[in-house]
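> please find the sequence and the predicted model below.
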Amino acid sequence: MTRKTLQALLEDPRQAGVYRLPHADRPALKEAAEAAGFACFEADLGDSDQIQWVLARLGRELGFPEWYGNNFDALKDCLGDISWRDEAGYLLILSRAEALQLADAQAFHTLNEVFAAAIDEWRSQDVPMWVFYDLQADGLATLATLE
């Protein structure tokens, strides 16, 4: 897939969602997102199996405001209002989430529900938001164009 084709896909908020990212496609994905004028965030979850640590790490890596409370509600609030980064769209790449997925499947599921709610909120404003996990995870699809 060409960068322009991938860029066009990323610019379509109807396609946005939570996906699994084949590791080799990370550079192409970031290049296309940056060409589209997206804010690109990467968060290394450090193989943590504790949701509190993961939420704290997300707050730091995404530059959330001081009031961020390291909980799901605060994550949803911050993802829904990334006012400090007014961009054409948003791309989040998460790595090393396997430990959380294996140790606390419910927390991993809830985390993805929060991501999906934020994506839906941005979609209602015609702004694409994408979340990609750099891992093999049950329940996460690979974006067909990256397979």
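Perfect, thanks for sending it. Worth saying up front: this structure is predicted, and the values here are computed from it rather than measured.
> helices and strands of this protein: which one bottoms out on pLDDT?
Least confident helix or strand, the chain: strand 141-142 with a mean of 64, by mean pLDDT, DSSP states H and E.
> residue boundaries of the strands in the protein?
For the chain, the strands defined by DSSP state E cover 18-20, 39-44, 90-95, 129-134, 141-142.
> quick check, central residue of the protein?
When Cα atoms, centre = their mean is applied to the chain, the residue found nearest the centroid is residue 131 (2.4 Å).
> isn't it right up against residue 122?
No: Residue 131 is beyond contact range of residue 122, at 11.1 Å (criterion: Cβ atoms under 8 Å). (Each C-beta comes from the backbone N, C-alpha and C, glycine too.)
> which regions of the protein lie under the pLDDT threshold?
Scanning the chain for pLDDT under 70 picks out the ranges 1, 23-24, 136-147.
> can you tell me which helix in it is longest?
The longest helix of the chain (DSSP state H) is helix 105-124.
> could you give the angle of that helix to strand 90-95?
160 degrees (axes from the mean of the first three to the mean of the last three Cα atoms, to 10 degrees).
> so how far is helix 105-124 off the chain centroid?
9 Å (Cα atoms, centre = their mean, to the nearest Å).
> only C-alpha atoms, please: export it in CSV.
Taking Å, rounded to 0.1, in the frame of the first residue of the first chain, the C-alpha atoms of helix 105-124 are listed here in CSV:
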residue,chain,number,x,y,z
ALA,A,105,-8.1,-9.3,30.8
GLN,A,106,-11.0,-7.3,32.2
ALA,A,107,-8.8,-4.2,32.6
PHE,A,108,-7.5,-4.6,29.1
HIS,A,109,-11.1,-4.9,27.8
THR,A,110,-12.1,-1.8,29.7
LEU,A,111,-9.1,0.1,28.4
ASN,A,112,-10.2,-0.7,24.9
GLU,A,113,-13.8,0.3,25.6
VAL,A,114,-12.4,3.7,26.8
PHE,A,115,-10.4,4.0,23.6
ALA,A,116,-13.5,3.1,21.5
ALA,A,117,-15.6,5.7,23.3
ALA,A,118,-13.0,8.4,22.6
ILE,A,119,-12.8,7.3,19.0
ASP,A,120,-16.6,7.5,18.7
GLU,A,121,-16.6,11.0,20.3
TRP,A,122,-14.0,12.2,17.8
ARG,A,123,-15.8,10.5,14.9
SER,A,124,-19.0,12.5,15.8
